[in-house]
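1. Sequence first, predicted model second:
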Amino acid sequence: MRVWKIVFAVGALFNLATGLPLLFATETFLKAAGGSPSPDLLSAQLAGLLITVLGIGYGMVAWKPIVNRPIAWLGVMGKAPLILLVWTHVQAGRAPTSAFALPLVDLTFAALFLVFLLRTKPARAA
């Protein structure tokens, strides 16, 4: 179980390191990530907020993996399709190919979270 705690702790740190700057230093983060400042700062900040909240959830799974196991499903559902979303924007010319960097990390976490879910059993109801 120690390995899973580390996986989810790293996932939490990754989300916090991505979400907090996107939420609080939106334009600077977008420029540093290779994008242009968004004309829709609210949407970018909402994304930052959601990424941060999910990071807190992954931290909860790291803390008590079996008790907080259902939270991992949110990671699979949120991270796995992100690569397809970015791909559609790259294909349409609305995003550079460098936009794939973070979603590839997310795809890796989605795969790890799914393996965790398939290899562990839910906590017993009290």
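-> Okay, I see it.
2. From here on, just use CA atoms for contacts and neighbour counts.
-> OK.
3. List phi and psi for Ala123.
-> Main-chain dihedrals, Ala123, degrees, to the nearest 10: phi -70, psi 150.
4. Contact partners for it?
-> Shown in contact with Ala123 (C-alpha atoms under 8 Å, 6 or more residues apart in numbering): 66-67, 69.
5. just Ile71 next, same as before
-> Applying C-alpha under 8 Å, 6+ apart, the residues contacting Ile71 are 57-58, 61.
6. Pick the one among the contacts of Ala123 closest to Ile51.
-> Arg69 (18.2 Å; C-alpha to C-alpha).
7. Tell me how many other residues crowd that closest one.
-> 22 (other C-alpha atoms under 10 Å).
8. Hmm, Arg119 and it touching each other?
-> No: the criterion here is C-alpha atoms under 8 Å, and Arg69 misses it with Arg119 at 11.2 Å.
9. just to revisit the earlier point, just the contacts of Ile71: which are in helices?
-> If you go by DSSP state H, these have 57-58, 61 in helices.
10. Next, the buried residues of the host helix or strand of Val7.
-> Using DSSP states H and E, Val7 sits within helix 2-24. Within helix 2-24, the residues that count as buried by 16 or more other C-alpha atoms under 10 Å are 4-5, 7-16, 18-23.
11. Check stretch 106-113 too.
-> 106-107, 109-110, 112-113.
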